[in-house]
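> here's a sequence, model it:
(3 chains)
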Amino acid sequence: MTVAVGIEPLVAARGLVAGYPLAHGGRREVLRGLDLALRRGEMVALLGTNGSGKTTLLRTFAGTLAPDGGSVTFDGREIATWRRDALARRIAVLPQQVDLPAGFRVAELVAMGRAPHAQRLFASTADDERAIARALLDADAADLADRPAEELSGGERQRLLVAMALAQEPDLLLLDEPTLHLDLAHQVSLLAAIRRMRDQRGLTVLAVLHDLNLAAAFAPRVAVLDQGRVVADGPPGEVLVPDLVRRVFGVAVDEALTPDGRRHLALRGI
Amino acid sequence: MNPRLRAPLLLSLLSVMLAACAPAASPSASGAVLASPSATPDTTPRFPISLTDDAGRVVTIPVEPTRIISLAPSNTEIVCVLGGCDRLVGVTDFDDYPAQVADVPKVVVATQVDVEKVVAANPQLILAAGNELTPTTVINRLSGLGYPVLVLYPQTLDKLYADIHLVDQALLGRTLGAGNASSVVDALRAREQAVALTVAGAGRPRTFYEVGVFQGTIYTAGADSFLASLISIAGGAPITGDPLSTSIQLEQLVAADPQLILLGDAAYDPTITPQTVAARAGWAGMTAVVDGRVTVVPEDPVITRPGPRIIDGLEALARAIHPELYR
Amino acid sequence: MRAAATTSPRFVARPSLTRAWLVLGGGGALLLLALLAAVAIGSVGVGVGETAAILGRRLLALPLPVTWSPAAETIIFELRLPRVLTAMLVGGGLAMAGTVFQALLRNPMADPYIIGTAAGASLGAIIGILAPVLLPALAVGAGTAWLGLGVVQLFAFAGGIGTVLLVYAVARANGRVPVVTLLLTGYAVSSVLAAGVALLMFLSGRALGAIFGWLMGSLAGASWPSLAFAAPLLAASFGLLLLRWRRLNVLLLGDAQAAHLGVEVEREKLILTMLATLATSAAVAISGTIGFVGLVVPHLLRLATGPDHRLLLPASLLYGAALLTLADLGARLAGGIPVGIVTALLGAPFFIWLLRRSRSLVSGTTQ
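Next comes the predicted model:
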């Protein structure tokens, strides 16, 4: 891997406090003073228990959830000062769930990823066509292009959504559990594709993952969230140690070495 | 509005409206006063003539109208009683009197004014009805196309007499009272006074006139309505309903305790008889029912049509309210 | 790098292009046909050649000799032409507004009236109809027009717009307007207004016929002045809605994903709602609450063209216009019954037949 990682952070949270309104007034803060910065070209896996704030962090980075305290900056500017469409030209999100309307072909849905770049009132431009074609190929979805979206399997659906995000030609890609519902082979091929694109396009990637070993294999840097704060951040070899796993996840694991010398976490029996 | 809720409501209310406009079941027994069109040969027509109609609009009729459209049966009867029947080039499908209007083209079908047919008839005068019987939109539309539209909406006998004079002026361009309207009105007024004289001094029974009962809602003469005034003239004390909806609640009717019930709706619905009325829940105790004074009024079509034959209706009402005076 | 990426095959536009022209061309031809038929046919016969000559003389100022009666000219130019143009505008407006609301509310039962337009406009119109009856002082001014419009149309228009603004404001919480809350609020507010409508109808006496005609929807009142009022409003909303096809498509992906794709979701939903409401209220003001066009036409077209609003919006405009023009012709030939009866009587069975033929319709979404 020979990706130049920048010095300036592309996206950064400082002392970030964020949450949601409660039904009967008041707010429930999910993030409580979180610090995390991603430099250009970095690929970071975000780990943590359910409710630790991973999706909330992604929302504040995407600019769809305003901070209650602290700050989120994108490309050096407070994220709230960005126009929605300008942000969408720079940041793409793969959410956990998307409504896929019936009746569209895959290529038509991927073309919606070009919406923030629209230049002509009714037609698409040559740039759009190029970006869509490239996104379909990069996401291994070119063979799906003419298929109706409602006929896709879970894995194909995920490839479609990745292609839609790539069609945005973003600088920052936020992935919320991209391997959800995927079998092992598809998990690996999807993450490999994302890493390839990061290498080719210089994307900055933040991906919420659950499988610690998959995260370690995929990302050169992992950040672990607990109770709305980053409790560990660094190369997987330094962060993902049995002690931290026990502290954060409350699960006992053993560290083992594979024959070729890579570290692996193994559950200590159930 | 929820269309599923709307349609049944509308239909039931529409049936009320249609029933109120239904054609006469039988032609009236007594004849109308038909005047000769050339009763006053010495008066010269003066057109254009400007007249104020019952909607307060000033209407200018440019030439003597020989092509007239009537948008209500009562208007038709006024035109014909003045001898202008052969000038009619368009009437409604409810028109049934006098018999010769049967051959006149129908420009109002099922209460809908066919504006195209009105225009095609090339009328020189259009006689509309007030109070939305002719919809305001239609009146505005026809006026907007440049036709003189005279709106007639008499609510008392005196207003009706005035309207007969008004139409006479519109037909012949004569100054007030110079046409043959005077003889027509004089005859009608004489009959009205004869009725009043006959019932003078007699008791005034509390009279309930049933216009219709729909979905349990009872419709009668509204307070201060033309119908209520006719009942008064005919020697009854009218029990009236709401001035707007013309409905009365059953308990109000029970409290008012009619001494006489007149079934106007029986003219159209043979299932409404004194027996079925007595069998209605809550009606049996009314004095009129106990005394057997529940009477079918087959003359309802002329009673509720504000044309010259309304005097036939007035006489019929007097006979129904005071049969002892007409023996 | 993959070599294939540089050849950039056209994945998107090609396959649907011919279908798009087929749909739009067919719609345009149908509309033209409907226009000609509806102007030429009526309860009074005017020859086709005469009709064409009258239109040519009045619209194109052709120096044709006048061989027809003044009545024929009035019938063609003052009665039929504004009525047919009104039918086209109203039909197109209702169909387009229905398309927008179905997408926006992600609800297959959505029609242009769903969040209160019909109830508000009806109440406004009925107050307008009854004002001269209830307050005789106003009767003298009943014939007066304002902006070329009667009190009824103005009240109906204001009632429609005002009700939707109220519903929207009530449904708003924490700066968001959830679709379900909007639908339920619309239903609740409509119910209150419908009760007012029913009360006024009960009190209406003779005016019931006028109210009935208005509620069923009728184009009998169409005239050049009412057209001059509604046409600019409808044309403006048509244009602005057509330009928003991308955002409507993106909103189908859900609020969150639409935001990720650059749509200012709450603001956009408000704009789309108000544009569709503007079209609906302007249409309702001059025609009453004509049902079914705004519900069925979007569904039919979604079957034929797919859910892409780039094609769906203009197609709904053309086919909605053609459908209502033909339905109104039917209504006139049937003795002037309210056109809403025709649209429901003919439209509903056709719709049921179509529903049974195609399995995969109804919902705008798979979830």
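
> residues from the stretch 251-367 of chain C in reach of chain B?
Neighbours of chain B within the stretch 251-367 of chain C, by Cβ under 8 Å from any Cβ of the partner chain: C:289, C:291, C:332, C:335-337. Quick note: C-beta positions are derived from backbone N, CA and C, even for glycine.

> and of the residues you listed, the nearest to chain A?
Each of these was checked against chain A using Cβ to the nearest Cβ; the closest is C:Gly291, at 25.3 Å.

> circling back to that earlier point, quick one: which of the residues of the stretch 251-367 of chain C next to chain B is most hemmed in?
Most neighbours among those, by other Cβ atoms under 10 Å in any protein chain shown: C:Thr289, with 28 neighbours.

> check contacts around the closest residue to it other than its chain neighbours.
In space, C:Thr289 comes closest to C:Ala118 once its chain neighbours are excluded; the distance is 4.7 Å by Cβ to Cβ, 6 or more residues apart in numbering or on different chains. The contact partners of C:Ala118, taken as Cβ atoms under 8 Å, 6 or more residues apart in numbering or on different chains, are B:1, C:112, C:160, C:190, C:284, C:289.

> got the residues of the stretch 251-367 of chain C next to chain B as a markdown table, with pLDDT, distance to A:Gly19 and secondary structure columns?
Output for those, formatted as a markdown table (pLDDT from 0 to 100; distance: Cβ to Cβ, whole Å; DSSP: H, G, I helix; E, B strand; the rest coil):
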| residue | pLDDT | distance to A:Gly19 | secondary structure |
| --- | --- | --- | --- |
| C:Thr289 | 90 | 45 | coil |
| C:Gly291 | 87 | 46 | coil |
| C:Arg332 | 87 | 62 | helix |
| C:Gly335 | 76 | 65 | coil |
| C:Gly336 | 76 | 62 | coil |
| C:Ile337 | 81 | 59 | coil |
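
> most widely separated two among those residues?
Greatest spatial distance in those: C:Thr289 and C:Gly335, 20.9 Å, computed using Cβ to Cβ.

> got the phi and psi for A:Ile91?
phi -120, psi 130 (degrees, to the nearest 10).

> same thing with C:Glu266?
phi -60, psi -40.

> and the nearest residue to it once chain neighbours are set aside, how far from chain B?
Nearest residue to C:Glu266, sequence neighbours excluded (Cβ to Cβ, 6+ apart): C:Arg176, at 6.0 Å. Distance of C:Arg176 to chain B, given as Cβ to the nearest Cβ, to the nearest Å: 26 Å.

> before we move on, what about C:Ile114?
Between C:Ile114 and chain B the distance is 10 Å, computed by Cβ to the nearest Cβ.

> and A:Ala145, by the same measure?
43 Å.

> helix/strand/coil for the residue of the stretch 101-250 of chain A found nearest chain C?
Chain C sits closest to A:Pro116 of the stretch 101-250 of chain A, with a gap of 3.4 Å, by Cβ to the nearest Cβ. Here A:Pro116 is recorded as helix under DSSP: H, G, I helix; E, B strand; the rest coil.

> what are the phi and psi angles of the residue of the stretch 51-200 of chain C found nearest chain A?
Chain A sits closest to C:Asn174 of the stretch 51-200 of chain C, with a gap of 5.7 Å, by Cβ to the nearest Cβ. Phi and psi for C:Asn174, reported as degrees, to the nearest 10, are phi 50, psi 40.
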